[in-house]
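Student: Any chance you could fold what I've pasted below:
(one chain, ligands or ions: 1)
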Amino acid sequence: MDQLILKVENLWKHFGGITAVSGYELELPKGAVFGLIGPNGAGKTTIFNLISGVLKPDKGKILFKGKDITHTRPDTIASMGLTRTFQNLRLFPSLTVEENLKVAAHIHTSYSFIHTLLSLPRLYSEERKTLERVETILELFDMQAQRNEIASNLPYGLQRKLDIARALMTDPEVLLLDEPSAGMNTQEAEELALTIKKIKEELDLTMIIVEHRMPFVMGLAETIQVLDYGSVIAVGPPSEIQKNPKVIEAYLGAGDVVA
Ligand SMILES: Nc1ncnc2c1ncn2[C@@H]1O[C@H](COP(=O)(O)OP(=O)(O)OP(=O)(O)O)[C@@H](O)[C@H]1O
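Tutor: As a prediction, the model looks like this:
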């Protein structure tokens, strides 16, 4: 059996009278790309918030690399190698592309004031690693030409790309992407899909992608989970999911389309 990098058991989350997530289960093998889809309000972002530690579940268990992270802080989970993006961009708009990447690395750089005094060589080596990582990420995202541009001056598609690039500065093993193509035009979304394929291979990532743009997620994920009212109603390869009557009904009921 494939090695599981992330396992979620019987996860529940209520907000007042609303059951946002009900008995969610996931077995994510290392190296997999999963798509998580479902109509608006189905519970997709809440699941990302639970897995990344932003929210705590009412019930259930989350195991990352075999360790129980159900009650672990988000920054600790990130430093363990699980990171995510948000639906809304989290860039520093007045900083350059390169500065945005450096800041993202320093969020988890482990030197303190005392280290700075006692261990300058260590500081230099951390700094050198950050600079090397910036170059690797700029090259993978084909953004070297924009390195000195102010983030808010970039076209929207590149701002979204930079947001994903920032998430990769800490060298994660698992990346959760929350609607990465939101607000993009078709050409920008197609380019982003190619970038995601490239970073998955080059950086040996495991990914879960929440998306409303069906051709995008169906072209990237080998397995799709479909959520409706907080429960998984279907799991399978994209070709089966598109034909699944329960999925079509859930989307038609929501006035949305699957393919
Ligand atoms: N902080 C919160 N407080 C109260 N209710 C919430 C909160 N967060 C989510 N909900 C509710 O939980 C349910 C699931 O929401 P969630 O945002 O996870 O769905 P989603 O599938 O990500 O939707 P979308 O595709 O529109 O982003 C919805 O009914 C939503 O209104």
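Student: Next, count neighbours for His71.
Tutor: 10 (other C-beta atoms under 10 Å). Yep, even glycine has a C-beta here, placed from its N, CA and C like the rest.
Student: Sorry, wrong one. I was asking about Glu201.
Tutor: 10.
Student: again with Ile196
Tutor: 23.
Student: Quick check: phi and psi on it?
Tutor: phi -60, psi -40 (degrees, to the nearest 10).
Student: What's the separation between the closest residue to it other than its chain neighbours and the ligand?
Tutor: Leaving aside its chain neighbours, Ile196 sits nearest to Leu220 (5.9 Å; criterion: C-beta to C-beta, 6 or more residues apart in numbering). Taking C-beta to the nearest ligand atom, to the nearest Å as the criterion, Leu220 is separated from the ligand by 17 Å.
Student: Surely Leu220 and Lys198 touch.
Tutor: No. The criterion here is C-beta atoms under 8 Å, and Leu220 misses it with Lys198 at 11.5 Å.
Student: Show me where the stretch 51-200 of the chain has its strands.
Tutor: 59-64, 67-68, 82-84, 174-178 (DSSP state E, counting those that start in this stretch).
Student: Can you list the neighbours in contact with the shortest one?
Tutor: Right, the one you point to is strand 67-68. Lys61, Ile62, Met80 (C-beta atoms under 8 Å, 6 or more residues apart in numbering).
Student: switch to 7 Å and redo it
Tutor: Residues outside strand 67-68 that contact it (C-beta atoms under 7 Å, 6 or more residues apart in numbering): Lys61.
Student: partner strands of it, parallel or antiparallel?
Tutor: Paired with strand 67-68 in the same sheet, following DSSP bridges, are strand 59-64 (antiparallel).
Student: about what we covered before: now the strands of the stretch 51-200 of the chain in a markdown table, with mean pLDDT?
Tutor: Listed next are the strands of the stretch 51-200 of the chain as a markdown table, based on pLDDT from 0 to 100:
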| stretch | mean pLDDT |
| --- | --- |
| strand 59-64 | 98 |
| strand 67-68 | 98 |
| strand 82-84 | 96 |
| strand 174-178 | 98 |
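Student: Quick one, which of those strands gets closest to the ligand.
Tutor: strand 174-178 (7.9 Å; C-beta to the nearest ligand atom).
Student: circling back: include distance to the ligand and mean neighbour count when you put the strands of the stretch 51-200 of the chain into JSON lines, please.
Tutor: Shown next, in JSON lines, are the strands of the stretch 51-200 of the chain (distance: least, C-beta to the nearest ligand atom, whole Å; neighbours: other C-beta atoms under 10 Å):
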{"stretch": "strand 59-64", "distance to the ligand": "15", "mean neighbour count": "18"}
{"stretch": "strand 67-68", "distance to the ligand": "23", "mean neighbour count": "10"}
{"stretch": "strand 82-84", "distance to the ligand": "13", "mean neighbour count": "24"}
{"stretch": "strand 174-178", "distance to the ligand": "8", "mean neighbour count": "23"}
